[in-house]
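**Student:** Dropping a prediction and its sequence here:
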Amino acid sequence: MAEISRGYEESKSNYNSLLQKQMQSQLATSLEKRQQGETFRLIDPASLPEKPSAPNHLLVSLGGLAAGLAVGFGLTALLEIINVRVWHENELEGIVPIRVLVSIPHLVTPGEQNRVAKKLWMERGAAAAMFILMLAGNVYVFLKG
């Protein structure tokens, strides 16, 4: 009887082990089937565009350049209209009906001459720097797209 019961216990443990393996296999199969529905494959990956669709950087840059030139010329014209200084005797004759008898020439001191020369070089340097920066910016934008 002990031998039969031992055989029964072994068979029962083998059966339970096989039953547990079968349940694990079914669970793994079920999970795999669910994951197949959740996963997807990328057939055609997205590609980056060659150049941006908007804004057109070259057009914006040229528009800014044109607007800057227009504002500059407008301010220059406005300052010339507002400025009421008389620089030459011909201008004074147009304003005053009396004839000019004597004109005193402007005497330039060496310090004033140096200040005028420095100011002129600084203005030219600033204009050249702005031009180079604008040109470099336009070239960069043109090459970048």
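**Tutor:** All right, it came through fine. These numbers were taken from a predicted model, which means no experiment stands behind them. Numbering: from 1, shown residues only.

**Student:** By residue count, what's the longest helix in the chain?
**Tutor:** In terms of residue count, the longest helix belonging to the chain (DSSP state H) is helix 2-38.

**Student:** Tell me the first helix or strand C-terminal of that helix.
**Tutor:** Next helix or strand after helix 2-38 toward the C-terminus (DSSP states H and E): helix 57-82.

**Student:** Now the one helix or strand residue 116 maps to: buried residues?
**Tutor:** In the assignment (DSSP H and E), residue 116 maps to helix 110-144. Using 16 or more other CB atoms under 10 Å as the test for burial, helix 110-144 gives residue 138. Yep, even glycine has a C-beta here, placed from its N, CA and C like the rest.

**Student:** Could you pull up the mean pLDDT of the longest helix of the chain?
**Tutor:** Average pLDDT, helix 2-38: 83.

**Student:** residues making contact with the least confident helix or strand in the chain by mean pLDDT?
**Tutor:** Here the helix or strand of the chain ranked lowest by mean pLDDT, DSSP states H and E is helix 89-95, holding a mean of 79. Outside helix 89-95, the residues that touch it by CB atoms under 8 Å, 6 or more residues apart in numbering are 86, 99-100, 103.

**Student:** possible to save those residues as CSV with pLDDT and secondary structure?
**Tutor:** Formatted as CSV, the contacts of helix 89-95 follow (pLDDT from 0 to 100; DSSP: H, G, I helix; E, B strand; the rest coil):
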residue, pLDDT, secondary structure
86, 79, coil
99, 82, coil
100, 79, coil
103, 79, coil
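
**Student:** hmm, which two among those are most spread apart?
**Tutor:** Farthest pair in the contacts of helix 89-95 (CB to CB) is 86 and 99. Separation: 14.7 Å.

**Student:** more neighbours, the two?
**Tutor:** The neighbour comparison of residue 86 against residue 99 (other CB atoms under 10 Å) goes to residue 86, with 12 against 8.
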